[in-house]
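**Q** model the structure of this input:
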Amino acid sequence: MSTTPTILIIEDDRNILNFLSISLKTNDYQYITADRAVDGLALFNSGKPDLILLDLGLPDIDGIRVIEQIRKTSDIPIIVVSAREMEREKVEALDKGADDYLTKPFLIGELLARIRVALRKRAPKTPQNNVFALDGLTVDFERHKVTVDGKDVHLTPIEYKLLTLLIDNAGKVLTHSFINKAIRGYNNTEDSQSLRVFMANIRRKIEKDTSKPRYILTEIGVGYRFVDE
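**A** This is a model prediction of the structure:
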């Protein structure tokens, strides 16, 4: 039985569909394709793919609705690849359950990197201790202790919650509304400014260079992503 990941491409632009197909094949991925949402949903149900690349501007059903349909039954990684550049559309796609978003045109290397991150996040995890470590940053979840290069870092309770939320969802773009709901239990658009302040404080405490962050990246107008590779 093959362990090669199978990727479902739902894209109505024939040129982009061919480009994605060739790129995936060259990088040893299996793929199945659909140029309409209805066919894509059928392949999702029958083909058991490991990840979906989804265009939003489909001719029959809007891609946002496709995300909603899939999320009723599955947590399969969904990476939106779309020409839509409006921040509100990116936020809506991510809030509905997409894991990531790339705006056309894009570099294939970046797409492949995001595919690897999404697939790794989905892979079964082996039992391990409650310590996260990456490039000098260590988080002991059991003791609620954070260190950088062996030195203790003091985070406020909400800063610690934010950092662990990002780590738990490493590689995934978390929108402002998702973060606020996860941390506070509700979403208030006015909290975006306070969220920026909290993130700036966390970066100041864990990043070696806040102008070139290693761990927490800002997706402008959308949210934040924790980079674990």
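
**Q** per-residue pLDDT, the residue nearest the centre of the chain?
**A** Geometric centre of the chain, nearest residue: K172, 2.2 Å, by Cα atoms, centre = their mean. Per-residue confidence (pLDDT) for K172: 88.

**Q** if I pick it, what's in contact with it?
**A** 99-100, 118, 121, 225 (Cβ atoms under 8 Å, 6 or more residues apart in numbering). For every residue, glycine as well, the C-beta is placed using N, CA and C.

**Q** same deal with V139?
**A** Counted by Cβ under 8 Å, 6+ apart, V139 has contacts 131-133, 145-146, 163-164, 167.

**Q** got a list of what the closest residue to T175 other than its chain neighbours touches?
**A** Excluding the flanking residues, the one nearest T175 by Cβ to Cβ, 6 or more residues apart in numbering is G223, at 4.1 Å. Under the criterion of Cβ under 8 Å, 6+ apart, the neighbours of G223 are 91, 94, 173-176, 178-179.

**Q** show me where the chain has its strands.
**A** Here the chain has its strands, by DSSP state E, at 6-10, 30-34, 51-54, 78-82, 100-103, 131-134, 137-140, 145-148, 151-153, 173-175, 216-219, 223-226.

**Q** can I get those strands in TSV with distance to G63?
**A** Formatted as TSV, the strands of the chain follow (distance: least, Cβ to Cβ, whole Å):
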stretch	distance to G63
strand 6-10	8
strand 30-34	12
strand 51-54	5
strand 78-82	7
strand 100-103	11
strand 131-134	33
strand 137-140	35
strand 145-148	38
strand 151-153	40
strand 173-175	16
strand 216-219	18
strand 223-226	19
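
**Q** of those, which is nearest L20?
**A** strand 6-10 (5.3 Å; Cβ to Cβ).

**Q** the closest one pairs with which strands?
**A** strand 30-34 (parallel), strand 51-54 (parallel) (DSSP bridges).

**Q** what stretches of the chain score poorly on pLDDT?
**A** Filtered on pLDDT under 70, the chain yields the residue ranges 1-2, 122-129, 185-192.

**Q** which residue sits farthest out from the middle of it?
**A** What lies farthest from the middle of the chain is K151; by Cα atoms, centre = their mean that is 29.8 Å.

**Q** what are the bridge partners for it, then?
**A** In this entry, K151 is beta-bridged to V148, by DSSP bridges.

**Q** name the nearest residue to T147, ignoring sequence neighbours.
**A** T138 (4.7 Å).

**Q** ditto for E87
**A** Leaving aside its chain neighbours, E87 sits nearest to G221 (3.9 Å; criterion: Cβ to Cβ, 6+ apart).

**Q** OK, contacts around that neighbour?
**A** Neighbouring residues of G221 by Cβ under 8 Å, 6+ apart: 87, 90-91.

**Q** picking that back up, just checking, the residue nearest to T147 touches D149?
**A** No - shown here, T138 and D149 do not form a contact pair, counting by Cβ atoms under 8 Å, at 9.0 Å.
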